[in-house]
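1. heads up, no residue letters with this:
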DNA sequence: AAGAGCAGTGTAAGCGCTTACATTCAATTC
DNA sequence: GAATTGAATGTAAGCGCTTACACTGCTCTT
């Protein structure tokens, strides 16, 4: 291959094909508006020159970037990986590119990232959860950039969401735990401030306690960032209390796996000495021994539907539908049935 | 907040501050060239109007996108997550944005993704490994887009790499295995075609065998995509052979974790009945019981250094240095010392 | 057979920014 | 004090593309 001195432009193609730049542009963007014969000529010129449209110029002229931004709290563990993968596959299939950033669960960083993505011309944004400074929503609205919140389901928030009901899900899991005879329940939660999923899960657990005549206030709760190590430490703290819990429920599977290791390090067996539950049903939950009882979330489906919904908002200028997905309690070995 | 009718432009800011657009542009891009007083005035106008530069226009005028593209084989497991996270943090700190795509280990898809990233104006590209169609390198060269290969170290390839020597690393691990008295060694490898890391690891293992008077040809090898399930299946196949291996080495930790589960399902204990080793030292390796003996790779350091090196290449401060990072055998419980 | 209608194509005006070059003016030099 | 210098700022030419609008030469109407 020869070393091209410069990258060819629309103009070069037009000249080579003996047409105007407008025709070349049309060939590329709405081929049906150009007659077959011309189109062929143009396309072979494109081919011959190895022409690729200049992204910046196209963005500027068309005022569309075909870019969707997504900001997730973390890339370091698999919580969002599968959903995001599906999201990106669906976007790709529809001609969009995904721009990912992560916020490390920091609202400040998230805000920066939102601005960065907007500055880069993202046509739409996928965010996780809904709990953020209203000013950000104003900012996005002023620029008419559609936003979709995933991983949550809030039908009455006035903003579209695609996800599942974290509160109900946790409540359902807790009900199961209670039905299994557990009364001494403790929770290792993620940080609830600025994290509506974590907050909802905590609330759901309390709902279940109240509904079963147990005191939600008395329940020991440790809030800690979603990291395996933190789960281990938290479990050890909980097990040193005067009245040991019979079950330690965790805000997600990452904490649960940590708790499992913490128990192991303490010489406790799970679920004989203490039961552990998780949330999310990421691969991790099935890899460890015992496998972790958790709430299964349809990650891939969520990612796919989020992509479809968001593109819809971008293209149809629709306001965006809220979509509810169903989660499901996934019983495994880490939860002991005390009633047997 | 009021609903802005239109997004403010450089011109609006210039008018509001009573200066020319050039001055505003300079305030934003090289503030030291504008006198303090003016700069302050401009900045408060920027603030007041909520101005954000238009990405497309900036790209077009500056012929730079401040975007770095990265194509990784997969986002679905954690192999690349940590390194990529560090990569993106470093980029962000230096004013660049990361565009990530994944290829599903398919050369065809990777090629598409490369073209897509280039079309979007990526200033530089991070790829994993070096084994790909030379035509792609020509294509990138013609557009003078710097490329850096990570996760490998090939000092004499003529292209910059940032990573570790997969072959030597595997050889070192294998030497340890042999020193522990293992003679019946089997390998569950990733697919080596188009994957120089997998190929190098296989080669390194063979090196060690030869160096110790063992027959590299006789070693059972199963090649399979990097998925937990595949590791489980492969282990079971290997254990059904006439002469059972005393150790099953795996191309990475994902396969090793799968192998571990496969052993468990077969009722075998690790490492009593069979030893297992991994590669990469991702979090997974420490979560499972027993913890997996593996090769530790400095993921975060690799990501950070890759970012620095690539930006260097983009900004023409260098042609791209090859950087070697040191891996390290990480002994854990899944490998039994037969000599005791 | 003249006009209407329309498909196919061309012309040219931006899109919002960066930056080379031009201009201004105060400080410095001789 | 005139000339020189250089820092600070302004002017305006693109960057490569899309698209509104204009134009051309058909095929239909009536």
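-> On my side now, so go ahead. None of these values were measured; they are calculated from a predicted model.
2. residue A:86 touches residue A:298, doesn't it?
-> No - Residue A:86 lies out of contact with residue A:298 (CB atoms under 8 Å); the separation is 9.7 Å. Any C-beta I mention is one placed from the backbone N, CA and C, and that applies to glycine too.
3. name the SS class of residue A:110, please.
-> helix (DSSP: H, G, I helix; E, B strand; the rest coil).
4. ok, now which ones touch the nearest residue to it once chain neighbours are set aside?
-> Excluding the flanking residues, the one nearest residue A:110 by CB to CB, 6 or more residues apart in numbering or on different chains is residue A:103, at 3.7 Å. Each residue near residue A:103 by CB atoms under 8 Å, 6 or more residues apart in numbering or on different chains is listed here: A:71-74, A:109-110, A:113.
5. ok, residue A:122 next?
-> Counting by CB under 8 Å, 6+ apart, residue A:122 has contacts A:65, A:67-69, A:99, A:145.
6. go again using 6 Å as the cut-off
-> Contact analysis of residue A:122 by CB atoms under 6 Å, 6 or more residues apart in numbering or on different chains lists A:67, A:69.
7. now do the same for it: helix, strand or coil?
-> coil.
8. so for residue A:318, what's the pLDDT?
-> What the model reports for residue A:318 is a pLDDT of 67.
9. err, residue A:47, not the other one
-> So, for residue A:47, pLDDT stands at 91.
10. please settle this for me: is it part of a strand?
-> No - using three-state DSSP, the assignment for residue A:47 is helix, not a strand.
11. so who does it touch?
-> Counting by CB under 6 Å, 6+ apart, there are no residues that residue A:47 touches.
12. up against DNA strand D, what does chain A have?
-> Applying CB under 7 Å from any atom of the strand, one finds that chain A approaches DNA strand D through A:9-11, A:21-22, A:25-26, A:28-29, A:51, A:53-54, A:57-58, A:60-62.
13. can you select the buried ones from those in PyMOL?
-> A single PyMOL command selects the buried members of those (16 or more other CB atoms under 10 Å in any protein chain shown):
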select buried, chain A and resi 9+10+25+26+28+51+53+54+57+58+60
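14. near DNA strand C, list only the ones from the residues of chain A next to DNA strand D.
-> A:21-22, A:26, A:57, A:60-61.
15. would you point out the most distant pair within those?
-> Within those, two members stand farthest from each other by CB to CB: A:26 and A:60, at 18.1 Å.
16. got the confidence number for residue A:1?
-> 32.
17. which residues in the stretch 101-250 of chain A form helices?
-> Using DSSP state H, counting those that start in this stretch, the helices of the stretch 101-250 of chain A run over residues A:107-119, A:134-142, A:166-179, A:196-211, A:228-239.
18. can I get these in a markdown table including mean neighbour count?
-> Below are these laid out as a markdown table (neighbours: other CB atoms under 10 Å in any protein chain shown):
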| stretch | mean neighbour count |
| --- | --- |
| helix A:107-119 | 18 |
| helix A:134-142 | 15 |
| helix A:166-179 | 22 |
| helix A:196-211 | 21 |
| helix A:228-239 | 21 |
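19. so for residue B:123, which of those sits nearest?
-> That would be helix A:107-119 among the helices of the stretch 101-250 of chain A, by CB to CB, at 15.7 Å.
20. are the closest one and DNA strand C in contact anywhere?
-> No - legend: contact between helix A:107-119 and DNA strand C by CB under 7 Å from any atom of the strand is lacking; minimum distance shown is 9.3 Å.
21. could you list every helix and strand in contact with that helix?
-> Helices and strands touching helix A:107-119, as assessed by 3 or more CB pairs under 6 Å, 6 or more residues apart in numbering or on different chains; DSSP states H and E, comprise strand A:67-72.
22. re the thing from before, include pLDDT and secondary structure when you put the ones next to DNA strand C among the residues of chain A next to DNA strand D into CSV, please.
-> Below are those laid out as CSV (pLDDT from 0 to 100; DSSP: H, G, I helix; E, B strand; the rest coil):
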residue, pLDDT, secondary structure
A:21, 93, helix
A:22, 93, helix
A:26, 93, helix
A:57, 89, helix
A:60, 84, helix
A:61, 87, helix
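23. now flag whichever of those residues is closest to residue B:263.
-> Using CB to CB, these come closest to residue B:263 at residue A:57, 57.5 Å.
24. burial of the residue of the stretch 151-300 of chain A found nearest DNA strand D, as a residue count?
-> Nearest to DNA strand D, among the residues of the stretch 151-300 of chain A, is residue A:160, at 25.9 Å (CB to the nearest atom of the strand). Using other CB atoms under 10 Å in any protein chain shown, residue A:160 is surrounded by 24 other residues.
25. count of neighbours near the nearest residue to residue A:152 once chain neighbours are set aside?
-> Distances taken as CB to CB, 6+ apart place residue A:163 nearest to residue A:152, at 4.7 Å, with adjacent residues excluded. Other residues near residue A:163 come to 27 when the count uses other CB under 10 Å.
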